[in-house]
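In: here's my sequence, what's the structure:
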Amino acid sequence: MACRSCRRQLVLLTRQANAIAEIHTAAAAATTLRYPSLPIVNPRCRRTDQRRSFASTSRQSGVRESIARFFQMSAEPYRVVQATEEIYKTCAREASYTIPDKDRKAGTIHKTDEGEDIGEGKTMWHEDFQLPPTFSTWSQVTMLHMYLVFARLRNLDRDAARSWQQQLIDHFFFDAEERMDLTHGIGSRGLRQRYLKDLFVQWRGVIAAYDEGVVKGDPVLAAAVWRNVFKAREDVDVRALATVVSWMRLCLKMLDQIPDESLYYQAQAVFKWRAKNELTLVDKATRELEGHLVQEPPPIEKVAV
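Out: Numbers count the residues shown, from 1 in each chain. This is a model prediction of the structure:
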């Protein structure tokens, strides 16, 4: 019985193998149509033999080009798998958390009001934005980062964008199921599948909500972040909302500036700029606004009657 990690890699490689088989069939068909079999000619005829030699050389060159193009197309899916895995790991690290083994064995895991396990997390999202180290926080923050990458992938060709997006989704849901099993002890596969279906519905809602916010403006985007990441808490710090929105806009801009051929190794570098760094910009604007509001109005000049 293979482990979950091996099964996950097997599913990914099987999917890519099917894609490569289709590419191989298309390349072979294209080569056959472009370079059909040459008729047998009389070797005693010098002129005909020269034509055959030229045609043979041209055919060999074309075959070499087709083979090189085929291997380039065959390697592309594997590059996508590797690139999306690195991007996903960066997204998943941002709000990572753990549950101590001693608490799990003793059954002393703290719970939220909704009954969710509370672990230990020391990331920026836990300390600076006061989010609990739970599975829902991890999933929402991870999906927030994934959405930013998804928005950039829409600029690719249709097939390439679908391949990138599907691989990114696969990495996320494989990892989510593994966390349910190993971190939270949900051994029932049927129960995990039910939770994964709910998570997929949340993911589709996240895409729609953030798309609407990006198009309609910062207030709508802040409301989407408030509902998803901060769970519509009434005591949320508006500075945190403004900071996350400012950071999202900046990341979208930086991702848009990356050329398509550089996404393989530069996309995850965008997230090195932490969201909390935008607090300085938010506080500066707030201070300027407060200074403008408390500024005394100019004296009214008396007009002689």
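In: can you read off the pLDDT for residue 151?
Out: Note on residue 151: pLDDT of 95.
In: so it sits right up against residue 255, yeah?
Out: Yes - if you go by Cβ atoms under 8 Å, residue 151 and residue 255 touch, sitting 7.3 Å apart. Any C-beta I mention is one placed from the backbone N, CA and C, and that applies to glycine too.
In: what are the ranges of the helices in the stretch 1-150 of the chain?
Out: Under the criterion DSSP state H, counting those that start in this stretch, the stretch 1-150 of the chain contains helices at 4-34, 46-93, 101-106, 124-127, 135-153.
In: the ones you listed: lowest mean pLDDT?
Out: helix 4-34 (a mean of 56).
In: buried sites along stretch 168-183?
Out: By neighbour count on 16 or more other Cβ atoms under 10 Å, the buried set for stretch 168-183 is 168, 169, 170, 171, 172, 174, 175, 176, 177, 179, 180, 183.
In: residues in contact with that stretch?
Out: Contact with stretch 168-183 is made by 4-5, 8, 11-12, 84-85, 87-88, 91-92, 98-99, 119, 135, 138-139, 142-143, 146, 149-150, 186-187, 192, 195-196, 199-200, 203, as judged by Cβ atoms under 8 Å, 6 or more residues apart in numbering.
In: turn the buried residues of stretch 168-183 into CSV, including secondary structure.
Out: Shown next, in CSV, are the buried residues of stretch 168-183 (DSSP: H, G, I helix; E, B strand; the rest coil):
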residue, secondary structure
168, helix
169, helix
170, helix
171, helix
172, helix
174, helix
175, helix
176, helix
177, helix
179, helix
180, helix
183, coil
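In: need those in a markdown table with distance to residue 245 and pLDDT, can you?
Out: Converted to a markdown table, these look like this (distance: Cβ to Cβ, whole Å; pLDDT from 0 to 100):
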| residue | distance to residue 245 | pLDDT |
| --- | --- | --- |
| 168 | 23 | 95 |
| 169 | 24 | 95 |
| 170 | 29 | 95 |
| 171 | 26 | 96 |
| 172 | 23 | 97 |
| 174 | 30 | 96 |
| 175 | 26 | 96 |
| 176 | 26 | 96 |
| 177 | 31 | 95 |
| 179 | 28 | 95 |
| 180 | 30 | 95 |
| 183 | 30 | 92 |
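In: closest to residue 114 among the residues you listed?
Out: Taking Cβ to Cβ as the measure, residue 114 lies nearest residue 180 of these, at 16.0 Å.
In: which of the contacts of stretch 168-183 are buried?
Out: 8, 12, 84-85, 87-88, 91-92, 99, 119, 135, 138-139, 142-143, 146, 149-150, 192, 195, 199, 203.
In: now the strands: where do they sit in the stretch 101-250 of the chain?
Out: Along the stretch 101-250 of the chain, counting by DSSP state E, counting those that start in this stretch, strands occupy 110-111, 117-118.
In: do I have it right that residue 167 meets residue 84?
Out: Yes - judged on Cβ under 8 Å, residue 167 makes contact with residue 84 at a distance of 4.1 Å.
In: what's the neighbour count on residue 93?
Out: Applying other Cβ atoms under 10 Å, we find 15 residues neighbouring residue 93.
In: what's near enough to touch it?
Out: Contact criterion Cβ under 8 Å, 6+ apart gives residue 123 as the residues in contact with residue 93.
In: now do it against residue 192, distance only.
Out: Distance, residue 93 to residue 192, by Cβ to Cβ, to the nearest Å: 22 Å.
In: one more: residue 108?
Out: 24 Å.
In: next one: residue 91
Out: From residue 91 to residue 192 the distance is 21 Å (Cβ to Cβ).
In: can you check residue 268 too?
Out: Separation of residue 268 from residue 192 (Cβ to Cβ) stands at 28 Å.
In: same question, residue 88
Out: 19 Å.
In: how about residue 179?
Out: For residue 179, the distance to residue 192 (Cβ to Cβ) stands at 10 Å.
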